[in-house]
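> show me the folded form of this:
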Amino acid sequence: MASIRKQGNKHVVYYYHPFVRKADGKLEQQHEAFCDEDSALLRKREIEDQIASGYFKTPANMTVEDYFRLKFVPLYAEVKWKFKTYDTNMGYWENDILPFFGKLRLSKVTPADIDRFLILMRKKKVRNRKNTPEEELPYLSETTIRYVYTLVHCFFDKAVQWDDLDKSPVKCDKPGTSNVQRDYWQPEQFEEALDSVEDDLLHLAIHLAFRCTLRIGELCALCWDDIQYEDKTVSIGKTLQRVTTKALDRISPKEVFHVFPPSRKDSKSRLILTTPKSDFGVRTNTMSDQLCEELHKRQLRVTMDRVRYGSQYHNHDLIFCQDDGRPMEPGRLSRRFAKWQRENGVPDVGSVDFHSIRISSTSLKLAVSGGDVKSAQKDLGDKTTHMVLSTYARSLDKHHAAMNEKFDEFFYGEGAKPEENEALNNELLMQMMTEHLKKPEFLETVLKAIGASHPHSSEDAKNAG
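Numbering: from 1, shown residues only. Reported below is the predicted structural model:
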């Protein structure tokens, strides 16, 4: 509750605000001074009503950092963000947003502050994780800056929604995105790659990701009971992620299917099986006969490993696992793929990753289905068809060439040859000239033009006339 004490000629209201705490986590006492007792009593009753109702407005002197940690994180971040999103977003807040806004009072942040922050972000380089010389580090991409902008925008929008701010200081337009597109394989290049991969596990991963349009986390999360050989289908309903122990402690465990034991006792992260990023990620995709045969071979290999390791085998029923049964982390599989490309990469194509495989898969499915976007969306497991067209739909070289050939046949006529076109053009030109020469004004214009460049020829033409 609140209390009033007279100090000199002031009446001071003392109270504890539920969102203002000391460094040790204990509530920090707040105070507000008034010139007369009636105003102090009015403020005291207002505070007590807010405490009783559970609705407590943020104090005017609260900083952005305090508001973020004491209100935004527990009321929004820990409720709405999934595990991997939580780790990613908290990283941006700790490293980029709070160093700029943290000490500013929430109510005093201006649109100019937002603009200054974005200018600073465009001058910032990526964090150095591989001991790369400073001059070789790239600047943050527009896509990254756009993502950070959405985090800031969401933060201030929530403060307005919770009646802690009258209006948001974010007035500027959202930054654009980078136009850099991922490299991806054409179908013939994909076939060439599969023929040259000798690593059985990597071959299956590439093949399965391509045929079923899987994310790498979905791929690594597949268990044997997800495969239905009779129907030739695979059920996709979970993803394998490495998340921090802090995220595990903060986010609701209801979306976690399994937490794998850590490889080291001092590990600050865990591998988990969790739900897909959205409900649309839960789906059933079909498989080919060739893929089913390759899965049978993999299942036999896993059975042999289980016998070989005996009691030392970690049986998690995973399709993609290490020899002793421990999960195959997405990052580990990606590095395996990258190493193969460095040693045996497809010519004329840059480095591709498992996300690029989704692009190749979706582009081919759209091409062979005649542009059936809804079917491609179902296999992708994405929420909107816009994502399919804007992110994954790419032109296949053969189909692009065939399209232009069909265009030419339709518009110019099938079988038209260059010499025939030239004869047709000459005939049309002669007809036009004949019609125009019947008009005196056209003949006079032609003679003047000739005279301007060849005076003698012009005079001869008049005499001949």
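
> CA atoms for contacts and neighbours, from now on please.
Fine.

> which phi and psi does residue 286 have?
For residue 286, the backbone dihedrals are phi -90, psi 160 (criterion: degrees, to the nearest 10).

> could you report the neighbour count for it?
Residue 286 is flanked by 15 other residues according to other Cα atoms under 10 Å.

> quick one: the helices in the stretch 251-400 of the chain, in order.
With helices called from DSSP state H, counting those that start in this stretch, the stretch 251-400 of the chain shows them at 289-309, 330-344, 354-368, 373-380, 385-387, 397-412.

> of the ones you listed, which stretch is the most buried?
Per-stretch averages of neighbours, counted by mean count of other Cα atoms under 10 Å, single out helix 354-368 among these, with a mean of 22.

> my guess is residue 148 meets residue 90, correct?
No - Residue 148 lies out of contact with residue 90 (Cα atoms under 8 Å); the separation is 10.8 Å.

> between those two, who's got more neighbours?
Neighbour tally, residue 148 and residue 90, criterion other Cα under 10 Å: the higher count belongs to residue 148, 20 against 17.

> contacts only, for that one.
By Cα atoms under 8 Å, 6 or more residues apart in numbering, the residues touching residue 148 are 92, 97.

> now do the SS call for residue 13.
Of the three states, residue 13 takes strand under DSSP: H, G, I helix; E, B strand; the rest coil.

> any idea whether the closest residue to it other than its chain neighbours is helix, strand or coil?
Take residue 13 and drop its neighbours on the chain: the residue closest to it by Cα to Cα, 6 or more residues apart in numbering is residue 4, 4.5 Å away. Using three-state DSSP, the structure places residue 4 in strand.

> relative to residue 36, how far out is residue 4?
11 Å (Cα to Cα, to the nearest Å).

> between the two, what contacts are shared?
Common neighbours of residue 4 and residue 36 (Cα under 8 Å, 6+ apart) are residue 11.

> of those two, give the one with the bigger neighbour count.
A count of neighbours by other Cα under 10 Å puts residue 4 above the other of residue 4 and residue 36, at 18 against 13.

> for residue 198, phi and psi?
phi -100, psi -20.

> and residue 139, by the same measure?
phi -80, psi 160.

> ok, now which ones touch the closest residue to it other than its chain neighbours?
For residue 139, ignoring the flanking residues on the chain, the nearest one in space by Cα to Cα, 6+ apart is residue 125 at 4.0 Å. By Cα under 8 Å, 6+ apart, the contact set of residue 125 is 137-140.

> a markdown table for the residues you listed, including neighbour count and secondary structure?
Listed next are these as a markdown table, based on neighbours: other Cα atoms under 10 Å; DSSP: H, G, I helix; E, B strand; the rest coil:
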| residue | neighbour count | secondary structure |
| --- | --- | --- |
| 137 | 14 | coil |
| 138 | 12 | coil |
| 139 | 13 | strand |
| 140 | 15 | coil |
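
> show me what counts as buried in the host helix or strand of residue 148.
Residue 148 belongs to helix 142-161 when assigned by DSSP states H and E. Neighbour-count burial for helix 142-161, counted by 16 or more other Cα atoms under 10 Å, picks out 142, 144-149, 151-153, 155-159.

> helices or strands next to the helix or strand that it is followed by in the packing?
Sequence order places helix 187-196 as the next helix or strand after helix 142-161, per DSSP H and E. Applying 3 or more Cα pairs under 8 Å, 6 or more residues apart in numbering; DSSP states H and E, we find helix 187-196 packed against helix 200-212.

> can you list the residues that contact whichever helix or strand comes after the helix it packs on?
Using DSSP H and E, the next helix or strand after helix 200-212 towards the C-terminus is helix 216-221. Contacts of helix 216-221 with the rest of the structure, by Cα under 8 Å, 6+ apart, involve 205, 208-209, 236-241, 273, 276, 318-321, 327-330, 354-355.

> of those, which belong to strands?
236, 239-241, 273 (DSSP state E).

> adding distance to residue 223, neighbour count and pLDDT, write these out as CSV.
Listed next are the ones in strands among the contacts of helix 216-221 as CSV, based on distance: Cα to Cα, whole Å; neighbours: other Cα atoms under 10 Å; pLDDT from 0 to 100:
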residue, distance to residue 223, neighbour count, pLDDT
236, 10, 24, 95
239, 11, 23, 95
240, 11, 25, 96
241, 15, 22, 94
273, 11, 23, 95
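
> how about those in a markdown table, adding distance to residue 214?
Shown next, in a markdown table, are the ones in strands among the contacts of helix 216-221 (distance: Cα to Cα, whole Å):
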| residue | distance to residue 214 |
| --- | --- |
| 236 | 9 |
| 239 | 10 |
| 240 | 12 |
| 241 | 14 |
| 273 | 16 |
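
> closest to residue 296 out of those residues?
When the ones in strands among the contacts of helix 216-221 are ranked by distance to residue 296 (Cα to Cα), residue 236 comes first, at 18.4 Å.

> dump the residue contacts of that closest one.
For residue 236, the contact set (Cα under 8 Å, 6+ apart) comprises 218, 222, 226, 281-285.

> and these, which is closest to residue 307?
For these, the nearest to residue 307 is residue 222 (21.2 Å; Cα to Cα).

> just confirm that closest one contacts residue 321, I think it does.
No - counting by Cα under 8 Å, residue 222 stays clear of residue 321, with 9.9 Å between them.

> picking up where we left off before, which two among the contacts of residue 236 are spaced furthest apart?
Of all pairs drawn from the contacts of residue 236, the greatest distance, 14.4 Å, lies between 226 and 281 (Cα to Cα).

> more neighbours, those two?
residue 281 (22 against 16).

> thought the more buried one was touching residue 381?
Yes - counting by Cα under 8 Å, residue 281 does reach residue 381; the two are 4.2 Å apart.

> quick check: the gap between residue 248 and residue 77.
Distance from residue 248 to residue 77, by Cα to Cα: 13 Å.

> quick one: neighbours of the nearest residue to residue 261 once chain neighbours are set aside, just the number.
Once flanking residues are discounted, residue 261 sits nearest to residue 270: 7.3 Å by Cα to Cα, 6+ apart. Other residues within reach of residue 270, judged by other Cα under 10 Å, total 18.

> which ones are touching residue 270?
Each residue near residue 270 by Cα under 8 Å, 6+ apart is listed here: 242-245, 259-262.

> list the contacts of the residue nearest to residue 13.
11-14, 40-41, 44.

> report pLDDT for it.
For residue 4, the model assigns a pLDDT of 89.

> same check, this time on residue 197
89.

> same check on the one 3 residues further on?
Model confidence at residue 200, expressed as pLDDT, equals 95.
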